[in-house]
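Asker: Predicted model, plus sequence, below.
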Amino acid sequence: MKFEEGLKRLEKIVEKLEEGKIELEKSIELYEEGMKIVEELNKKLDEIKGKIEIIEKRGEKF
């Protein structure tokens, strides 16, 4: 899943949960899905941060 796709899905999940019009079981399922997406997005951000640090270090050598 691309970062932007994950973020959009997470936003939809939050909207549904904030509405409060869904059953408890469905709310729990959405919450769990949202937490998995957050975990994935955090991993991607860490990867990107690492890549940026490498690029910055290369730039310092020039």
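Answerer: On my side now, so go ahead.

Asker: Now do the buried residues in the longest helix seen in the chain.
Answerer: Longest helix in the chain by number of residues, with DSSP state H as the criterion: helix 24-61. Using 16 or more other CB atoms under 10 Å as the test for burial, helix 24-61 gives 30, 34, 37, 41. Any C-beta I mention is one placed from the backbone N, CA and C, and that applies to glycine too.

Asker: Reformat those as TSV; add pLDDT.
Answerer: Rendered in TSV, the data for the buried residues of helix 24-61 read as follows (pLDDT from 0 to 100):
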residue	pLDDT
Leu30	97
Gly34	98
Ile37	98
Leu41	97
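
Asker: nearest to Glu4, of these?
Answerer: Within the buried residues of helix 24-61, the smallest distance to Glu4 is 10.0 Å, found for Leu41 (CB to CB).

Asker: pretty sure the closest one is in contact with Glu5, am I right?
Answerer: No: proximity of Leu41 to Glu5 does not meet the contact threshold set by CB atoms under 8 Å, at 10.1 Å.

Asker: Of all pairs in the buried residues of helix 24-61, which one spans the longest distance?
Answerer: Leu30 and Leu41 (16.0 Å).

Asker: In the chain, which residue is most central in space?
Answerer: Residue closest to the average C-alpha location in the chain (CA atoms, centre = their mean): Leu41, at 3.1 Å.
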